[in-house]
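1. Next one to model:
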Amino acid sequence: RWAPNAEGGRHSAFTMVGGGFGPVDSNGYGVSYRFSAPNLICAHVSSKRSASNTDSTRFVGKITTALNMMRAVFDRIEAVNRQKAHSSMGSDTPTGNVKTLKQL
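-> Numbering: from 1, shown residues only. Predicted coordinates for the structure are as follows:
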């Protein structure tokens, strides 16, 4: 779940306290992150406003999209595993979750 912090103009209970890394290159980004809870990643992205090729808000959007896509893959694996477990109830044949990774 992405919740922009107060610097982005919206208040959030998930504001990352402490800051992060500034951009190493004048035309690059500074990124820090931490795993704050089992389902929560806090990130700090910065860039220089003078750099015409950087946009921290857009970069955060791309990171969010990528993480959501990864979550969808894991959600799909979990759904397939649940379906297999449900359909094999009462069967004497053992089932394994490794095959479902290959099916996706």
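2. Check the gap between Gln83 and Arg76 for me.
-> 11 Å (CB to CB, to the nearest Å). Placement of C-beta: from N, CA and C, glycine included.
3. ugh, wrong one, I meant Lys62
-> 22 Å.
4. where do the helices sit along this protein?
-> For the chain, the helices defined by DSSP state H occupy 56-87, 98-103.
5. In TSV: those, plus mean neighbour count.
-> Formatted as TSV, the helices of the chain follow (neighbours: other CB atoms under 10 Å):
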stretch	mean neighbour count
helix 56-87	12
helix 98-103	10
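6. Could I get these in CSV, plus columns for distance to Tyr33 and mean pLDDT?
-> Compiled in CSV, those are given as follows (distance: least, CB to CB, whole Å; pLDDT from 0 to 100):
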stretch, distance to Tyr33, mean pLDDT
helix 56-87, 9, 92
helix 98-103, 26, 49
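7. out of these, which comes closest to Val31?
-> Of all the helices of the chain, it is helix 56-87 that lies closest to Val31, at 8.2 Å by CB to CB.
8. helices or strands up against the closest one?
-> strand 40-47, helix 98-103 (3 or more CB pairs under 8 Å, 6 or more residues apart in numbering; DSSP states H and E).
9. tell me the angle it makes with strand 40-47.
-> Computed by axes from the mean of the first three to the mean of the last three CA atoms, to 10 degrees, the angle separating helix 56-87 from strand 40-47 equals 160 degrees.
10. on that earlier part again, please tabulate the helices of the chain in a markdown table and include distance to Gly20 as additional columns.
-> Shown next, in a markdown table, are these (distance: least, CB to CB, whole Å):
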| stretch | distance to Gly20 |
| --- | --- |
| helix 56-87 | 11 |
| helix 98-103 | 34 |
